[in-house]
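*Asks:* okay, structure incoming, though there's no sequence with it:
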Ligand SMILES: O=C(O)CCC(=O)C(=O)O
Ligand SMILES: [Fe+2]
């Protein structure tokens, strides 16, 4: 069975979709995108919702820091999006009309270049595809492009996440940090840890996302699909839900790595603390926005990874923090092996700001993020080894 041109509503959708697919996943050319029949057969086990939910309007920033951010406990905050225009503006109908001819990133080619599709074709694809692991919009430059930047006026960074210390780095130098996210059933994000020790918040406007989070100390080999389980979609959320998920749910799964699971619904904001493994699958059509950030609570984790993975950025950032937030230098000093004076020695840094080589996750840790390397966050990425639609891509580094 292969998808015919008549599956789509617009005359050019088939061609545009085929073109994007060829660039994003050339390895599927022969095998096909719908061969596994997941559109008919994929059915995750019944949900065990084990995440705490807290009314975001009733908790203070200090309480959030004390109860969740500092101890690194995942939580869903409710009510934070109530006054966002996105609730009205981010319906499929309005998005596909207003941004009709705008290109959005829905993949990455083998050279790390963005694969983009006009919203009108992606919308058609989203409604009509039967793919096993569909293309997913994960776009980190929406707020920089003239014709899509208005999207960033439709939501507000919740007060809990406002103090992002990367904000002090020059905008062009800071790693990608915000993504507009849109995808159909079965699209999602393979298991990963977000880049550079950052934490994330992810607010869902439309649809339902199923999440599994696993504590930071869980070994990579345990949480990732085994070589023989990877199949044709090695770096996709759906593969994880078809393989590792069974083990996570079995009595043999180590108690110390007990997962936190949930179904996130519209208006809910997921907080993913630094270092936690997480994997997501969309249960139907979804629209979301997600940001990664560094705060005073996770700086001790972000700093060493930034020094090691993004040395040039770390020097620049150190200078900016010393000017504008000198009080955080004591956190940096307490988690650093590098003597502070060498941070000011620009001659010691030979890395190129445009190269992705300093984006890499720290291979001595379990970090791997695809939306990954905040040098790359989210989609597929060689350096990070997987997932995270481009939360990783090098483009903005
Ligand atoms: O909404 C999703 O697919 C999850 C995204 C995610 O984990 C990430 O951006 O790092
Ligand atoms: Fe993530």
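*Replies:* Looks like it arrived, so ask away. Just so it is clear, the structure is predicted and the values come from calculations on it, not from any experiment. Numbers count the residues shown, from 1 in each chain. Ligands and ions are numbered 1, 2, ... in the order given.

*Asks:* now for the lengthiest helix in the chain, which elements pack on it?
*Replies:* The longest helix of the chain (DSSP state H) is helix 311-324. The contact analysis (3 or more CB pairs under 8 Å, 6 or more residues apart in numbering; DSSP states H and E) places helix 311-324 against helix 299-309, helix 329-334. For every residue, glycine as well, the C-beta is placed using N, CA and C.

*Asks:* buried residues in the first one, which are they?
*Replies:* Translated: helix 299-309. Buried residues in helix 299-309, defined by neighbour count with 16 or more other CB atoms under 10 Å: 299, 301-309.

*Asks:* now it against helix 311-324, angle please.
*Replies:* Here the directions of helix 299-309 and helix 311-324 differ by 140 degrees (axes from the mean of the first three to the mean of the last three CA atoms, to 10 degrees).

*Asks:* from the chain's centroid, how far away is helix 299-309?
*Replies:* Mean-position distance between helix 299-309 and its chain equals 19 Å (CA atoms, centre = their mean, to the nearest Å).

*Asks:* mind giving me the packing neighbours of that helix?
*Replies:* Using 3+ CB pairs under 8 Å, 6+ apart, helix 299-309 is in contact with helix 311-324, helix 329-334.

*Asks:* again, but for the last one
*Replies:* Helix 329-334 is packed against helix 299-309, helix 311-324, with contacts defined by 3+ CB pairs under 8 Å, 6+ apart.

*Asks:* residues in contact with it: which ones?
*Replies:* By CB atoms under 8 Å, 6 or more residues apart in numbering, the residues outside helix 329-334 that reach it are 296, 299-300, 303, 318, 321-322, 340.

*Asks:* of all pairs in these, which one is the farthest apart?
*Replies:* Spatial extent of the contacts of helix 329-334 (CB to CB) is set by the pair 296 and 340 at 18.3 Å.

*Asks:* those two - which one has more neighbours?
*Replies:* Legend: neighbour count by other CB atoms under 10 Å for residue 296 and residue 340, higher for residue 296 (15 against 12).

*Asks:* ok, the more buried one - contacts?
*Replies:* So residue 296 contacts 163, 165, 328, 331 (CB under 8 Å, 6+ apart).

*Asks:* go on, residue 197?
*Replies:* 274-275, 294, 298, 301-306, 367.

*Asks:* got it, and residue 187?
*Replies:* Counted by CB under 8 Å, 6+ apart, residue 187 has contacts 133-136, 237, 281-282.

*Asks:* which among those residues gets closest to residue 171?
*Replies:* Closest approach between the contacts of residue 187 and residue 171, by CB to CB: residue 136, at 25.6 Å.

*Asks:* residues near that closest one, how many?
*Replies:* By the measure other CB under 10 Å, the count of residues near residue 136 is 28.

*Asks:* tell me the pLDDT of it.
*Replies:* pLDDT recorded at residue 136 is 98.

*Asks:* and the nearest residue to residue 70 once chain neighbours are set aside, how close does it get to residue 61?
*Replies:* With sequence-adjacent residues excluded and distances taken as CB to CB, 6 or more residues apart in numbering, residue 70 is closest to residue 297, at 5.4 Å. Going from residue 297 to residue 61 by CB to CB, to the nearest Å gives 11 Å.

*Asks:* who's more crowded, these two?
*Replies:* More crowded of residue 297 and residue 61, by other CB under 10 Å: residue 297, with 21 against 14.

*Asks:* OK, contacts around the closest residue to residue 209 other than its chain neighbours?
*Replies:* Leaving out its chain neighbours, the residue that sits closest to residue 209 by CB to CB, 6+ apart is residue 264, at 4.6 Å. Shown in contact with residue 264 (CB under 8 Å, 6+ apart): 76, 202, 204, 208-211, 270.

*Asks:* could you list which of those residues also contact ligand 1?
*Replies:* Filtering the contacts of residue 264 for proximity to ligand 1 by CB under 6 Å from any ligand atom leaves 202, 209.

*Asks:* ok, so of the contacts of residue 264, who is nearest residue 18?
*Replies:* residue 209 (27.4 Å).

*Asks:* quickly list what that closest one is bridged to.
*Replies:* residue 264, residue 282 (DSSP bridges).

*Asks:* show me what contacts it?
*Replies:* 188, 202, 263-264, 270, 280-283, 286, 288.

*Asks:* do residue 160 as well
*Replies:* Applying CB under 8 Å, 6+ apart, we find residue 160 in contact with 56, 61, 64, 69, 77, 201, 271.

*Asks:* does it sit in a helix, a strand or a coil?
*Replies:* What DSSP: H, G, I helix; E, B strand; the rest coil gives for residue 160 is helix.

*Asks:* now do residue 278
*Replies:* Using three-state DSSP as the criterion, the local structure at residue 278 reads strand.

*Asks:* count of residues packed around the spatially closest residue to residue 98 that is not a sequence neighbour?
*Replies:* Closest residue to residue 98 apart from its sequence neighbours, by CB to CB, 6+ apart: residue 89 at 7.7 Å. Applying other CB under 10 Å, we find 16 residues neighbouring residue 89.

*Asks:* which residues touch residue 89?
*Replies:* By CB under 8 Å, 6+ apart, the contact list for residue 89 reads 95, 98, 154.

*Asks:* ok, residues contacting the helix or strand that contains residue 287?
*Replies:* Taking DSSP states H and E as the criterion, residue 287 maps to strand 286-293. Residues from elsewhere that reach strand 286-293 (CB under 8 Å, 6+ apart): 86, 90, 92, 95, 155, 157, 161, 164-166, 175, 177-184, 194-195, 198-209, 371, 374, 377, 391.

*Asks:* kindly recompute the last result at 6 Å.
*Replies:* With contact meaning CB atoms under 6 Å, 6 or more residues apart in numbering, strand 286-293 is reached by 90, 155, 161, 164, 177-183, 194, 198, 200-207, 209, 374.

*Asks:* residues near residue 271, how many?
*Replies:* Neighbour tally, residue 271, other CB under 10 Å: 25.

*Asks:* look up phi and psi at the closest residue to it other than its chain neighbours.
*Replies:* Counting by CB to CB, 6+ apart, residue 271 lies nearest to residue 75, which is 5.0 Å off, once chain neighbours are set aside. According to degrees, to the nearest 10, the main-chain angles of residue 75 amount to phi -160, psi 150.
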